[in-house]
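In: based on what follows, work out the 3D shape:
(chains A and B)
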2 protein chains.
Amino acid sequence: MYLGIDIGGTTTKLGVADAGGTLIQEASFRTSAYANAHQFLEALDGEIIRMVSLLDHHIQGIGLGAPSANFRTGAIENAANLGWKGKLDIKKHLEKSTGCRVMVTNDANLPAIGEMTYGGARGMQNFITVSLGTGLGSGLVCNGKLVGGHHGMAGELGHTCAVAGGRNCGCGRKGCLETYVSATGLKRTVLEALAHDLEYYSLLREFSFEEMTAEHIHEAALDGDRIAKEAFDRTGSMLGRQLADLVCITDPEAIFLVGGLAKAGDLLFTPTKQALQQYMLSNFESDLEIKSSSLPLDKLSLLGAIGLVSSNRSSKVASSNYNLIPY
Amino acid sequence: MYLGIDIGGTTTKLGVADAGGTLIQEASFRTSAYANAHQFLEALDGEIIRMVSLLDHHIQGIGLGAPSANFRTGAIENAANLGWKGKLDIKKHLEKSTGCRVMVTNDANLPAIGEMTYGGARGMQNFITVSLGTGLGSGLVCNGKLVGGHHGMAGELGHTCAVAGGRNCGCGRKGCLETYVSATGLKRTVLEALAHDLEYYSLLREFSFEEMTAEHIHEAALDGDRIAKEAFDRTGSMLGRQLADLVCITDPEAIFLVGGLAKAGDLLFTPTKQALQQYMLSNFESDLEIKSSSLPLDKLSLLGAIGLVSSNRSSKVASSNYNLIPY
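Out: Numbers count the residues shown, from 1 in each chain, chains lettered A, B, ... in the order given. Okay, the predicted model is just below:
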């Protein structure tokens, strides 16, 4: 049995699964309920003890993903969307509190590890996952291995430039892809359209920016709302154009679109595929697949955390698929 | 001793070197002098026999790079800038004609292999080479291995979009990076500037487009020609902006600028570094290096071809650095 932990800005999810990825226990608590790292770790330890006490099996290892977590150091370093600052050496802490081996990675890598271990990317040597949530994260697998990069920060597709001089991004620059292609980006696109076109009565005029969610826009689009549909078209079109460049660079076998926004299905996938086809270098056109996940989207990252540790059983981690520091 | 062969659209270079990369013999002939693949192979075989007959040593293997060569099949497939079409199984041919093991790769990968085996990238796990010649090629090394991609076509940085709806590219699309950032792109930029600004008397007004070379523009810039200098500024600026996105995706330790245009030195490197600094996500700013090659630029690809085979001595090629088909 393996324990996976997926720490997000809002929610921390835990799950126990066998090596085949079958979840036998799950739990979650609000990350944002804890004002400092100490209180958060206490809550996490408590939840782990509670889960493990219900098990008949030993835990053979813990896999953990968190924002700004560094696989080289095992620490969470100045995460922008966690309630505490500074460096939290979560690997060391959990190894001490649980006695288990602990493997840590950046949460952006979890969907790729999940797909690779239990999902549609099993057996693929070259693929990409694009996670569309509040922001846009991505995971690259080349030659059968996750691309971590020199600092463990590779895969920041969300911060490549989609529109020169475009929308303000939280990173301090302008026009980053995630300012257009993400749940937040979709809302911004809707607001621009509502401002631009006063003639058309959109269902989305009733929502404030704070109230509005990607689900509202999804529902409105299904109800035939033109502004909602056009917002999805624009989002997919920008994603497809940017993916055309990424395909030139990495030549993947498949691209998986995951995360909450991927639940919109064809509303997002169709314009993405169209733009990709339109902008892609013709050499690559033949067989590239844009795929949805075969795993439940809201458990994909948790399964990635479990896959991280279940696929790295030996101590020879240098030769494993995930380039992680050995225990 | 190893034999390297670097087949280019204009010239085919051959070299014999020891495993340390010291060239003891070199030769070259005009690729474009041969109208079909059969005549070209005859010339190549003749040159190999001539070189080898002068040696006191055995050749332990042949490394070869060519445009549109596929490392999986060992064949050159429909190369746009070679004088013959169709599929040429050059690996099979040379294995038969020489009795040596032969390793084949795409010529775009040669500079990366050269840097990795004999140059400034020795020991680096994550780096990029950008080759600026008639076009723009690139080689990506992630996790210590060349990124080949699903079809062996990764690294087409030259065909990522630099300007939406921009200059016509030979690939049939518009605005590709190599239409701006390459020797040809530099000439196009000069021509635009000459057309735009009739007031300034540029030294470059004396050259037709066909006559003009990157060296002329380089010399003019050194002589203080404003249009030449601004053309280099614009070229470097576009390169730096595009590299900022590539850094987001792959998080390299260093980027090597190689190829003929890199001989322009600071004229190109300074605006490239400035734009990279300006557009790069701040997380990556600290220690990324933009480097020139420590190897002679006009022999880098040939050394890459030698490195390709000298670093793959065992038959266990699957675990080698270069993902090549075993002999």
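In: so which helix or strand takes in the residue sitting nearest the centre point of chain A?
Out: Taking CA atoms, centre = their mean as the criterion, A:Ser131 is the residue nearest the geometric centre of chain A, at 4.1 Å. Per DSSP states H and E: A:Ser131 is located in strand A:127-132.
In: helices and strands around that strand, which ones?
Out: Packing partners of strand A:127-132 (3 or more CB pairs under 8 Å, 6 or more residues apart in numbering or on different chains; DSSP states H and E): helix A:110-118, strand A:136-142, helix A:226-250, strand A:254-258. Glycine gets a C-beta too; all of them are placed from N, C-alpha and C.
In: wait, the residue nearest to the centre of chain A sits on A:Pro111?
Out: Yes: A:Ser131 lies in contact with A:Pro111 (CB atoms under 8 Å); the separation is 5.1 Å.
In: shared neighbours of these two, anything?
Out: A:Gly137, A:Gly139, A:Val258, A:Gly259 (CB atoms under 8 Å, 6 or more residues apart in numbering or on different chains).
In: output those residues in TSV; the columns should cover distance to B:Ala19.
Out: Shown next, in TSV, are the shared contacts of A:Ser131 and A:Pro111 (distance: CB to CB, whole Å):
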residue	distance to B:Ala19
A:Gly137	43
A:Gly139	37
A:Val258	46
A:Gly259	48
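In: going by neighbour count, which of these comes out on top?
Out: Among the shared contacts of A:Ser131 and A:Pro111, the one with the most neighbours (other CB atoms under 10 Å in any protein chain shown) is A:Gly139, at 30 neighbours.
In: which residues touch it?
Out: Counted by CB under 8 Å, 6+ apart, A:Gly139 has contacts A:Ala108, A:Asn109, A:Leu110, A:Pro111, A:Ala112, A:Ile113, A:Ile128, A:Thr129, A:Ser131, A:Leu146, A:Gly155.
In: can we see that at 10 Å?
Out: A:105-116, A:121, A:127-131, A:146-147, A:154-155, A:157, A:256, A:258, A:304 (CB atoms under 10 Å, 6 or more residues apart in numbering or on different chains).
In: would you map the strands across the stretch 151-300 of chain A?
Out: Using DSSP state E, counting those that start in this stretch, the strands found in the stretch 151-300 of chain A span residues A:254-258, A:289-291.
In: ok, is the longest one in contact with chain B or not?
Out: It stands for strand A:254-258. Yes: Strand A:254-258 is in contact with chain B by CB under 10 Å from any CB of the partner chain, via A:Ala254.
In: for that strand, list the C-alpha coordinates in CSV.
Out: Extracted in CSV, the C-alpha atoms of strand A:254-258 (Å, rounded to 0.1, in the frame of the first residue of the first chain):
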residue,chain,number,x,y,z
ALA,A,254,0.0,12.7,-27.3
ILE,A,255,-1.1,15.7,-25.3
PHE,A,256,-3.5,15.1,-22.4
LEU,A,257,-5.7,18.0,-21.4
VAL,A,258,-6.6,17.6,-17.7
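In: quick one: low-confidence parts of the stretch 101-250 of chain A?
Out: Filtered on pLDDT under 70, the stretch 101-250 of chain A yields no residues whatsoever.
In: find the helix or strand that the closest residue to chain B within it is a member of.
Out: Per CB to the nearest CB, A:Gly149 is where the stretch 101-250 of chain A lies closest to chain B, at 2.4 Å. Assessed by DSSP H and E, A:Gly149 sits outside every helix and strand.
In: also A:Gly307?
Out: Counting by DSSP H and E, the element that carries A:Gly307 is helix A:300-310.
In: what pLDDT, on average, does that helix get?
Out: On average, the pLDDT along helix A:300-310 is 96.
In: what's the angle between it and strand A:127-132?
Out: Relative orientation of helix A:300-310 versus strand A:127-132 (axes from the mean of the first three to the mean of the last three CA atoms, to 10 degrees): 140 degrees.
In: hmm, helix A:300-310 in reach of chain B?
Out: No: for helix A:300-310, no contact with chain B is found by CB under 10 Å from any CB; the gap never falls below 16.1 Å.
In: gap between that helix and the chain center?
Out: Centroid separation between helix A:300-310 and its chain, computed with CA atoms, centre = their mean, to the nearest Å, is 12 Å.
In: how about stretch A:35-48?
Out: Relative to the chain's own centre, stretch A:35-48 is displaced by 23 Å; criterion: CA atoms, centre = their mean.
In: list the contacts of that stretch.
Out: Residues outside stretch A:35-48 that contact it (CB under 10 Å, 6+ apart): A:3, A:5, A:7, A:12, A:14, A:16, A:27-34, A:59, A:62, A:64, A:76, A:82-90, A:93-94, A:97-98, A:100.
In: again, only this time at 6 Å
Out: The contact list for stretch A:35-48, computed with CB atoms under 6 Å, 6 or more residues apart in numbering or on different chains, reads A:Leu14, A:Ala27, A:Tyr34, A:Gly83, A:Trp84, A:Leu88, A:His93, A:Ser97.
In: in that stretch, what's buried?
Out: A:Ala37, A:Phe40, A:Leu41, A:Ala43, A:Leu44, A:Glu47, A:Ile48 (16 or more other CB atoms under 10 Å in any protein chain shown).
In: next: stretch A:70-77.
Out: Here stretch A:70-77 shows A:Asn70, A:Phe71, A:Gly74, A:Ala75, A:Ile76, A:Glu77 as buried, counting by 16+ other CB under 10 Å.
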